[in-house]
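**Q** only geometry, no sequence info:
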């Protein structure tokens, strides 16, 4: 089976006028299918940049990124967008739901982008995943009719509905109280175990690090430590 993702000597440098600012420096990682992984580190360590590179929202200055065995290098913007729509799911700290759409319609949106034209097939997939995330009976509610935790559950469902290779979550607990954050992390772990979905978090939240099975610590754009292969779970 192909790796969920592979980074080989990835570098990312931003140019700010005449100044070169290295954000990611020589990162190499093998991400296994079904990993439940947190990328953590202090502000400026490169964790959000690394997540954006994995999400092909940004391109590396040098090095290679593969998703599901396919290299993302040299792809044109339209091809990259199609690649994201097919292979990647995203969960954001601000939920990023479309306010005028219901929960059902928000979750269904990626299936339209993926090109699934059969209405019945789309509807079945949406209702099944909404039930999986504990929102059965709430599919007709718009985001302003849902709590923060329920909105993040919609966001989780939206990320999972197209059965992506990777789900990338940037600070998914940042706008949630501690009880709701615990529930959302438990939900994502349940989806990871039930569906075998690979989750990668960018975070500074000890709660997310506690739940992660694999923890990669970054410092100054480099991997400082990686507990891959050390077994399930760890302390903070």
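**A** Received it, and whenever you're ready, just let me know what you need. Keep in mind it's a predicted model, so treat the numbers as computed, not measured. Numbers count the residues shown, from 1 in each chain.
**Q** Against which helices or strands is the helix or strand containing residue 202 packed?
**A** For residue 202, the element it lies in under DSSP states H and E is strand 198-203. With contacts taken as 3 or more Cβ pairs under 8 Å, 6 or more residues apart in numbering; DSSP states H and E, strand 198-203 sits against strand 36-40, helix 47-54, strand 166-170, helix 178-195. (Glycine included, C-beta is placed from N, CA and C.)
**Q** contacting residues around it?
**A** 4-5, 31-40, 47-48, 50-51, 54, 165-173, 188, 192, 208-209, 212 (Cβ atoms under 8 Å, 6 or more residues apart in numbering).
**Q** hmm, 7 Å instead?
**A** By Cβ atoms under 7 Å, 6 or more residues apart in numbering, the residues outside strand 198-203 that reach it are 4, 31, 33-40, 47-48, 51, 54, 165-172, 188, 192, 208-209, 212.
**Q** same thing with stretch 59-68?
**A** 2, 4-13, 53-54, 71-73, 87, 165-166.
**Q** Skip the chain neighbours and tell me the closest residue to the residue nearest in space to the middle of the chain.
**A** Nearest to the mean C-alpha position of the chain, counting by Cα atoms, centre = their mean, stands residue 168 at 0.9 Å. Spatial nearest neighbour of residue 168, excluding adjacent residues (Cβ to Cβ, 6 or more residues apart in numbering): residue 55 at 4.9 Å.
**Q** Can you verify my assumption that the one you found contacts residue 91?
**A** No - between residue 55 and residue 91 there is no contact under Cβ atoms under 7 Å: 10.9 Å.
**Q** how close does residue 144 get to residue 42?
**A** 35 Å (Cβ to Cβ, to the nearest Å).
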